[in-house]
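Student: sequence and predicted structure below; questions after.
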Amino acid sequence: MRKQTLKFGILLTTLIIITSSCKQKEKYTPATENENPEAITPINSKLPADVLPSCMINQADFNHWFKTGQVTINGVVNPANSVTFEHENNCNFYKWSEQMFLWTTSPFNEKTYNDEAIIQNRKIVIESPEFYTVTPKVNGSRTLIPHETGKLLRATTSLQKRDSRIDTEEGQATGDALMSQHGALLYYITFVNDVYAQFLTGASDNAFPDNEFPTTQPQLDAIKAYTLRNNISLKSPNTLAMEIKTSWVEVNPLSDFSNHVTIEAEVPTYNKTSNTLWTPTGKHIPKKLAMIGMHVVGSAAGHPEMIWATFEHKNNAPNLSYQYLNNQHQKITVNADTGNNWLLNNNSASTTYNQSHMKYNNDNIKATPNHTISGSNTKMVNAFGVAYTGTPNPENNTPAASNSQVISINNSVLGKLIDGDIRKNYVFIGATWTNDGVAPTGKSYSEDKTDGSAIGTSQLANSTMETYAQYGTSPFPGNNASCFACHNNYPSKTSTGLEPSDLSHIYQYIKPLTEE
């Protein structure tokens with residue numbers, strides 16, 4: 001067996017996105033805990049303080065999320081245990097999502113974790129050797145780039161066809177480019193963890209099958225045994241397989257990004273030929289980037305289709321109107337957000353929004369007809385991932401009830417973080433999965449209640465990563481705009497629909513570590 005070789009690089013793609021719970025047969029347990037509802041505190045205007053406390057975490061359990069056993073400002077959070085994951089109600093999935101986000105954005109020091117470290121100007125867990133960066137396709141294949149100490153993050157743009165080794169990135173639903181209202185392009189990085197990387201590599205080496213992502217202790221044990229034979233130790237094996245997609249924007253000196261998680265990276269530069277055409281120069285320059293969005297995707301006990309969760313910075317874009325239940329079980333309507341100082345919107349009152357201003361064209365950024373290369377006005381169609389009407393999932397009869405669960409866990413978690421913790425500025429939008437972990441059909445529960453439809457927040461999108469592919473927009477006729485609308489292989493005569501290549505847009509193209 002060939003020794004696994006290490007290559008360095010963090011690949012930041014300017015993939016401009018635009019790509020991108022269960023009929024309840026499992027045992028249902030009411031998601032109630034001994035928690036003082038008054039402990040819920042208002043975090044920002046997107047999170048009503050009087051929401052029905054329908055999904056919460058008590059203080060003792062929250063303390064145990066932290067490595068020290070106590071909540072510390074910007075402190076290191078342990079990952080959720082996906083092997084022993086309890087999947088009895090929506091709240092279990094939402095807690096898993098919250099803990100994984102806090103873990104991946106915890107500070108990381110190359111030699112040791114520093115519980116007092118401030119995330120600003122420090123590396124975070126997804127930059128650590130526990131994760132790999134996934135490159136765009138190079139001659140039809142992707143490479144896993146290990147994270148090494150002392151190396152500046154390298155941004156490689158998918159537009160840079162002047163480098164014959166780089167093919168244009170695929171997998172985005174609409175091929176659009178996205179820009180902030182300050183004129184800064186958005187960039188994207190995809191990561192996978194070491195369990196994912198070793199699972200893929202071991203399967204290619206016939207050490208075990210990869211008919212589905214690992215969800216059980218025996219499957220994990222097989223991966224661990226394989227890595228030990230190669231003198232490799234998994235850092236956090238109980239996370240199981242994880243795929244993380246992140247969105248970033250350049251830190252503008254005229255704007256305040258002190259409340260964002262940041263990284264240092266080299267980004268590609270462009271010749272601004274005109275206000276309708278930019279061409280890549282082939283050069284990179286170092287920049288500080290601020291994180292504005294994250295998809296947290298991972299396998300867990302009983303769910304090989306993976307849990308798909310998403311988070312956004314609170315200042316990204318205004319929400320459209322939505323409803324929730326207050327602590328008196330009354331349905332409350334929240335008006336659409338106002339204001340003109342959003343990262344991706346400078347006119348919240350406008351009825352023209354989510355219209356692309358530019359696309360990738362032959363490796364260039366080219367304005368769409370009647371537009372210039374500029375930031376479009378973006379709005380979040382579904383504030384917390386469910387449609388306005390219909391039954392969003394088997395546990396929640398109304399969109400208001402579903403929204404309340406997501407708002408409640410946001411308030412419960414963010415209210416327990418210490419003031420000044422930079423992660424308080426990110427909002428959990430929701431998570432989706434399927435009933436009993438069956439193969440996804442691409443449908444959403446609010447539109448189709450058969451097994452395989454997306455449940456949880458079943459119309460989930462991120463305004464930075466599915467900007468022009470949100471609920472009710474093309475290419476999603478029938479309003480089946482969940483993560484599984486793209487991440488499925490239904491119907492298939494040759495696959496179970498749960499194979500990694502059925503669910504992931506990158507898995508089948510990644511070269512095993514032994515081939516690098």
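Tutor: Received the coordinates, thanks.

Student: helices of this structure, residue ranges please.
Tutor: Applying DSSP state H to the chain gives helices spanning 59-65, 90-104, 194-204, 217-229, 399-416, 500-503.

Student: who wins for proximity to residue 247 among those?
Tutor: helix 90-104 (13.8 Å; Cβ to Cβ). Bear in mind the C-beta positions are built from the backbone N, C-alpha and C, glycine included.

Student: for the closest one, list the C-alpha coordinates in PDB.
Tutor: C-alpha atoms of helix 90-104 as PDB (Å, rounded to 0.1, in the frame of the first residue of the first chain):
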ATOM      1  CA  ASN A  90     -36.400  17.700  15.400                       C
ATOM      2  CA  CYS A  91     -34.700  19.200  18.400                       C
ATOM      3  CA  ASN A  92     -32.100  16.400  18.400                       C
ATOM      4  CA  PHE A  93     -31.100  17.300  14.900                       C
ATOM      5  CA  TYR A  94     -31.000  21.100  15.600                       C
ATOM      6  CA  LYS A  95     -28.800  20.600  18.700                       C
ATOM      7  CA  TRP A  96     -26.400  18.400  16.700                       C
ATOM      8  CA  SER A  97     -26.200  21.200  14.100                       C
ATOM      9  CA  GLU A  98     -25.600  23.900  16.700                       C
ATOM     10  CA  GLN A  99     -22.800  22.000  18.400                       C
ATOM     11  CA  MET A 100     -21.100  21.100  15.200                       C
ATOM     12  CA  PHE A 101     -21.100  24.700  14.100                       C
ATOM     13  CA  LEU A 102     -19.600  25.900  17.400                       C
ATOM     14  CA  TRP A 103     -17.000  23.200  17.200                       C
ATOM     15  CA  THR A 104     -15.900  23.900  13.600                       C
END
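
Student: what angle sits between that helix and helix 399-416?
Tutor: Orientation of helix 90-104 against helix 399-416 (axes from the mean of the first three to the mean of the last three Cα atoms, to 10 degrees) gives an angle of 40 degrees.

Student: report all helices and strands that helix 90-104 contacts.
Tutor: Identification of packing neighbours for helix 90-104 by 3 or more Cβ pairs under 8 Å, 6 or more residues apart in numbering; DSSP states H and E yields strand 277-300, strand 303-313, helix 399-416, strand 426-433, strand 455-456.

Student: contacting residues around the residue lying closest to residue 334 once chain neighbours are set aside?
Tutor: Excluding the flanking residues, the one nearest residue 334 by Cβ to Cβ, 6 or more residues apart in numbering is residue 322, at 5.5 Å. Residue 322 is in contact with 333, 334, 382, 383, 384, 388, 399, 403, counting by Cβ atoms under 8 Å, 6 or more residues apart in numbering.

Student: what about 7 Å?
Tutor: Listed by Cβ atoms under 7 Å, 6 or more residues apart in numbering, the contact partners of residue 322 are 334, 383, 384, 403.

Student: and residue 213, by the same measure?
Tutor: Contacts were defined as Cβ under 7 Å, 6+ apart; by that measure residue 213 touches 241, 299, 304, 306, 500.

Student: buried ones in stretch 277-288?
Tutor: For stretch 277-288, burial by neighbour count (16 or more other Cβ atoms under 10 Å) applies to 277, 278, 279, 280, 284, 287, 288.

Student: endpoints of stretch 223-241, how far apart?
Tutor: 11 Å (Cα to Cα, to the nearest Å).

Student: pull up the gap between the closest residue to residue 397 other than its chain neighbours and residue 402, please.
Tutor: What sits nearest to residue 397 in space, not counting adjacent residues and going by Cβ to Cβ, 6+ apart, is residue 391, at 5.7 Å. In this view, residue 391 and residue 402 are 9 Å apart by Cβ to Cβ, to the nearest Å.

Student: same thing with residue 322?
Tutor: From residue 322 to residue 402 the distance is 10 Å (Cβ to Cβ).

Student: what do you get for residue 469?
Tutor: Residue 469 sits at a distance of 21 Å from residue 402 (criterion: Cβ to Cβ).

Student: middle-most residue in the protein, spatially?
Tutor: The chain has residue 295 as the residue nearest its centroid, 0.4 Å off, counting by Cα atoms, centre = their mean.

Student: right, and that residue touches residue 311 too?
Tutor: No. Look at residue 295 against residue 311 with Cβ atoms under 7 Å: they stay out of range, at 8.1 Å.

Student: sorry, back to before: any idea of the pLDDT on the residue nearest to residue 334?
Tutor: On pLDDT, residue 322 comes in at 97.

Student: neighbours of residue 404, just the number please.
Tutor: 27 (other Cβ atoms under 10 Å).

Student: what about residue 207, neighbour count?
Tutor: Around residue 207 there are 18 residues (other Cβ under 10 Å).

Student: so what's the closest residue to it other than its chain neighbours up against?
Tutor: With sequence-adjacent residues excluded and distances taken as Cβ to Cβ, 6+ apart, residue 207 is closest to residue 226, at 4.5 Å. Residues near residue 226 by Cβ under 7 Å, 6+ apart: 198, 202, 207.

Student: ok, the first one - how many residues close by?
Tutor: The number of residues packed around residue 198, counting by other Cβ under 10 Å, is 23.

Student: OK, contacts around residue 191?
Tutor: 126, 131, 132, 133, 134, 244.
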